[in-house]
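A predicted structure for the sequence below; I have some questions about it.
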Amino acid sequence: MKLQSVRGTKDILPEESPRWQHCEALFRRVAALYGFQEIRIPVFEVTELFARGMGETTDVVSKEMYTFLDMGKDSLTLRPEATAGIVRAAIEHTLIEKNPVARLWYCGAMFRQERPQKGRYRQFHQFDAELLGAATPEADAEILAFAYQIVRELGIASFEVRLNSLGNTPSRLRYKDLLLEHFRPVRHQLSQDSQNRLERNPMRILDSKQPEDAEFVRSAPLLTDALDDESRAYFDNVQTLLSALGIPFTIDPRLVRGLDYYCHTAFELVTTRLGSQNALGGGGRYDGLFEQLGGKPTPGVGFALGIERLLLLMEEEGKLPQTTTATDVYIVALDAASRERGTQLAFQLRGCGVRVMTDVLARSFKAQMRDADRTGAALVVIIGEHERERNVCIVKTMANGEQQEYPLDAAKTLAALVQSTNAPHQPSNSIEHTLNTGM
Ligand code: HAM
């Protein structure tokens with residue numbers, strides 16, 4: 001039986017890799033603009049990290065984690081997100097003590113056992129950034145500006161920033177009371193999940209997608225109504241800063257995010273063009289997370305963007321990067337001895353930093369020329385017996401069809417020629433012109 005990839009996972013095929021590389025290069029570049037450094041965290045962690053960090057009553061922790069026993073003993077989990085792991089690493093390596101602020105980013109695969117559909121996978125990829133050590137509205141604005149700049153620079157236009165405040169701890173406690181007052185009288189009409197969450201974590205009822213909960217969730221009190229003066233002032237400050245940066249945002253008082261660690265600023269970047277999987281990314285402030293994970297009180301704020309969703313939207317908007325050619329030079333060899341000479345030349349050219357492809361199937365001249373055209377090589381080097389005897393090769397510039405002889409042992413001259421041939425050849429469907437040159 002033919003084996004297949006696991007449901008909810010995807011192969012990123014060679015023709016798709018350039019668009020991933022395009023995004024990754026942009027993430028890296030914009031991260032440097034904001035002074036963020038890359039951190040790389042393990043794919044799995046102890047399960048407790050996520051249970052404590054993200055909250056046991058969240059959907060992600062209670063239903064979606066890939067958890068397994070290591071050697072039959074320790075419970076480990078494939079990371080469903082990066083924030084908890086990064087904060088764990090910051091505590092473990094005392095990153096904040098060495099420096100009062102750490103700006104960290106990470107890009108990699110995350111795992112959630114969700115029902116797969118367009119834009120929702122069981123293995124997906126996030127670009128994640130965390131600013132640790134600063135409890136200021138400036139830090140929140142910087143994080144939001146960072147996320148916004150990435151999405152804009154990817155060329156995406158159809159998205160908006162939704163913003164809310166979850167306030168400080170007293171505000172959230174007051175809000176929990178308001179929710180209890182609201183939900184308790186209708187407890188028995190709620191879904192089983194929501195009933196289970198009612199006393200433990202009523203805010204999580206707001207994440208419910210169950211139809212029987214919808215009406216009660218819609219009529220629930222808003223978080224903004226429970227904010228105290230300090231929380232309100234903080235939120236106002238963040239808004240003023242964003243307005244000063246010219247970053248448009250919409251206040252969404254129903255935005256609570258699906259993870260427990262948030263306080264104060266919470267935000268999402270949403271689009272209307274990807275159906276129900278409308279969040280390109282999200283983030284916010286999490287000032288209690290360090291302590292929950294056993295560290296000293298340290299504030300933090302961050303975001304994660306879902307790369308698959310960014311790519312889907314870029315495709316929708318026609319913003320995927322143009323595919324570029326895979327090679328600079330294609331060497332066409334006409335007999336066994338020429339192939340040997342061609343292999344040598346290829347090795348020398350690659351040593352000079354030139355991308356070279358050779359025919360490894362000993363194909364006919366016509367087939368090699370067709371292959372050269374397919375690769376989009378700017379130059380084709382042709383070596384036959386006649387050329388070898390005179391220690392030359394023919395160099396054909398694909399863009400204009402011009403042909404010229406060069407010494408076979410002058411790899412550096414050829415490398416310089418590649419540099420100067422900066423107009424890349426676009427593969428065509430016709431090889432007639434080449435074939436008609438009589439080679
Ligand atoms: P999150 O909202 O759970 O936040 O995920 C962030 C983004 O990851 C989502 O907006 C979405 O684009 C993408 N994503 C999530 N689940 C899936 C899935 N099953 N398939 C495809 N894409 C998905 C976090 O993960 C937080 N750690 C963000 C954060 C960082 N908060 C503070 N710092």
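Structure received. Numbering: from 1, shown residues only.

beta partners of the residue in the chain that the ligand sits nearest to?
Residue nearest to the ligand within the chain: residue 306 (2.2 Å; Cβ to the nearest ligand atom). For the C-beta atoms, the positions are set from N, CA and C on the backbone; glycine is no exception. Beta-bridge pairing of residue 306 under DSSP bridges involves residue 126.

Could you pull up the residues touching residue 48?
residue 75 (Cβ atoms under 8 Å, 6 or more residues apart in numbering).

hmm, the strand or helix carrying it touching the ligand?
Taking DSSP states H and E as the criterion, residue 48 maps to helix 47-54. No. Helix 47-54 stays clear of the ligand (Cβ under 6 Å from any ligand atom), getting no nearer than 8.0 Å.

Which neighbouring elements make contact with the helix or strand hosting residue 105?
Here residue 105, judged by DSSP H and E, is contained in strand 102-111. Judged by 3 or more Cβ pairs under 8 Å, 6 or more residues apart in numbering; DSSP states H and E, strand 102-111 is in contact with helix 17-33, strand 37-38, helix 83-92, helix 95-98, strand 123-132.

which outside residues touch that strand?
Strand 102-111 has contacts (Cβ under 8 Å, 6+ apart) with 24, 27, 31, 34-41, 43, 65-66, 78-82, 86, 90, 95-96, 122-133, 307.

Now a PyMOL select for only the buried ones of those residues.
Remark: buried members of the contacts of strand 102-111, expressed as a PyMOL selection using 16 or more other Cβ atoms under 10 Å:
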select buried, resi 27+31+34+36+39+41+65+78+79+80+81+82+86+90+95+96+122+123+124+125+126+127+128+129+130+131+132+133+307
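
what bridges to residue 78?
Beta-bridge pairing for residue 78 (DSSP bridges): residue 44.

Could you export stretch 249-257 as CSV, keeping only the C-alpha atoms?
The C-alpha trace of stretch 249-257 is given here as CSV (Å, rounded to 0.1, in the frame of the first residue of the first chain):
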residue,chain,number,x,y,z
PHE,A,249,-6.9,49.5,13.7
THR,A,250,-10.4,48.7,14.8
ILE,A,251,-11.4,48.2,18.4
ASP,A,252,-13.0,44.8,18.8
PRO,A,253,-14.4,44.5,22.3
ARG,A,254,-15.2,40.8,21.7
LEU,A,255,-11.6,39.9,21.0
VAL,A,256,-10.4,37.8,23.9
ARG,A,257,-7.9,35.5,22.1
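
Check what contacts it and list those residues.
Here stretch 249-257 has contacts from 144, 160-164, 166, 203, 206-207, 222-224, 239, 242, 262, 266-268, 282, 284, using Cβ under 8 Å, 6+ apart.

just the helices in the stretch 201-350 of the chain please.
In the stretch 201-350 of the chain, the helices defined using DSSP state H, counting those that start in this stretch lie at 211-218, 229-245, 289-292, 307-316, 336-351.

Please produce CSV containing these, extended by mean pLDDT.
Output for those, formatted as CSV (pLDDT from 0 to 100):
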stretch, mean pLDDT
helix 211-218, 94
helix 229-245, 98
helix 289-292, 97
helix 307-316, 98
helix 336-351, 97
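
Make CSV from these and add distance to residue 256 to it.
Shown next, in CSV, are these (distance: least, Cβ to Cβ, whole Å):
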stretch, distance to residue 256
helix 211-218, 10
helix 229-245, 14
helix 289-292, 16
helix 307-316, 20
helix 336-351, 55
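
on that earlier part again, of the contacts of stretch 249-257, just the buried ones, ChimeraX syntax please.
Listed next is the ChimeraX selection for buried residues among these, using 16+ other Cβ under 10 Å:
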select :144,161,162,163,164,166,203,206,207,223,224,239,242,262,266,267,268,282,284
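
filter the contacts of stretch 249-257 down to the ones near the ligand?
Restricting the contacts of stretch 249-257 to those near the ligand by Cβ under 6 Å from any ligand atom leaves 282, 284.

how does this protein divide into domains?
Domain segmentation of the chain under automatic domain parsing yields 17-168+228-316, 329-437.

Return the most buried member of those domains.
domain 17-168+228-316 (a mean of 19; mean count of other Cβ atoms under 10 Å).

And that one, how far out from the chain middle?
11 Å (Cα atoms, centre = their mean, to the nearest Å).

Next: stretch 400-418.
For stretch 400-418, the distance to the chain centre is 40 Å (Cα atoms, centre = their mean).

Just the CA trace of that stretch, in CSV.
The C-alpha trace of stretch 400-418 is given here as CSV (Å, rounded to 0.1, in the frame of the first residue of the first chain):
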residue,chain,number,x,y,z
ASN,A,400,19.5,37.0,-27.7
GLY,A,401,20.7,33.7,-29.2
GLU,A,402,24.2,35.1,-29.8
GLN,A,403,27.0,32.5,-29.7
GLN,A,404,30.7,33.0,-29.1
GLU,A,405,33.7,30.8,-28.4
TYR,A,406,35.6,31.0,-25.1
PRO,A,407,38.6,29.0,-23.9
LEU,A,408,37.5,25.9,-22.1
ASP,A,409,39.9,26.4,-19.2
ALA,A,410,38.8,30.0,-18.5
ALA,A,411,36.2,29.4,-15.8
LYS,A,412,36.8,32.8,-14.3
THR,A,413,36.2,34.6,-17.6
LEU,A,414,33.0,32.6,-17.9
ALA,A,415,32.0,33.5,-14.4
ALA,A,416,32.5,37.2,-15.1
LEU,A,417,30.4,36.8,-18.2
VAL,A,418,27.6,35.3,-16.1
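
what's near enough to touch residue 45?
Neighbour list for residue 45: 76-77, 79, 84-85, 88 [criterion: Cβ under 8 Å, 6+ apart].

10 Å instead?
53, 76-80, 84-85, 88-89 (Cβ atoms under 10 Å, 6 or more residues apart in numbering).

Same check on residue 91?
By Cβ under 10 Å, 6+ apart, the contact list for residue 91 reads 97, 132, 289-291, 293-296, 298.

ok, now residue 170?
226-228, 230-231.

quick one: secondary structure of it?
helix (DSSP: H, G, I helix; E, B strand; the rest coil).
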